[in-house]
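Engineer: sequence unavailable; structure follows:
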């Protein structure tokens, strides 16, 4: 479980490591069959004939893997209050079977909620790189984080 981290503990300008995950071809195909069944995600022959030259993960699979890393290594169940959304998502390089992606987030800003004094908003730039150091995903997002209770 991630450390207990209140809104006050999140530092603007700080980068937090989220960990790594390796995606297998079976995982890539299973995710894509359910959520993004394009041929270059689910059919090896079609993928090899495509501009990608082989099976690649759905960008949404990459985002889901990054979310899992965030949930496991950054968010805490006592302080995480959800998110109003992601503002930008980009996949500059494909994730291939066997790739290990390592994710991090940088805090770009934060502000206290004007209407809900028990929480604040934190603004992040997320990045994922593969084992070769190539950027495979970037996102901008917001989290709602519980503020430290008054003592």
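Structural biologist: Thanks, I have it. What you see is a predicted model; the values in this text were computed from it and never measured. Residues are numbered from 1 along each chain as shown.

Engineer: for residue 147, what are its contacts?
Structural biologist: By CB atoms under 8 Å, 6 or more residues apart in numbering, the contact list for residue 147 reads 6, 7, 8, 112, 117, 118, 119, 120. Where C-beta positions appear, they are placed from N, C-alpha and C, glycine not excepted.

Engineer: now residue 70: how far from residue 3?
Structural biologist: Taking CB to CB, to the nearest Å as the measure, residue 70 falls 13 Å from residue 3.

Engineer: who's more crowded, the two?
Structural biologist: The neighbour comparison of residue 70 against residue 3 (other CB atoms under 10 Å) goes to residue 70, with 22 against 9.

Engineer: three-state assignment of the one residue sitting closest to the centre of the chain?
Structural biologist: By CA atoms, centre = their mean, the chain has its centre lying nearest to residue 66, at 2.8 Å. With DSSP: H, G, I helix; E, B strand; the rest coil as the basis, residue 66 sits in helix.

Engineer: so it touches residue 127, yeah?
Structural biologist: No. Counting by CB atoms under 8 Å, residue 66 sits too far from residue 127 to count as a contact (9.0 Å).

Engineer: so what's in contact with the two at the same time?
Structural biologist: 103, 137.

Engineer: re earlier: leaving out sequence neighbours, find the closest residue to the residue nearest to the centre of the chain.
Structural biologist: residue 103 (4.8 Å; CB to CB, 6 or more residues apart in numbering).

Engineer: so how far is residue 150 from the one you found?
Structural biologist: 34 Å.

Engineer: those two: who's more crowded?
Structural biologist: A count of neighbours by other CB under 10 Å puts residue 103 above the other of residue 103 and residue 150, at 26 against 5.

Engineer: so the more buried one is in contact with residue 19, correct?
Structural biologist: Yes. In this structure, residue 103 is within contact of residue 19 by CB under 8 Å, at 6.9 Å.

Engineer: can you list residues touching both of the two?
Structural biologist: The contact lists of residue 103 and residue 19 share residue 69, where a contact means CB under 8 Å, 6+ apart.

Engineer: nothing else from me, thank you.
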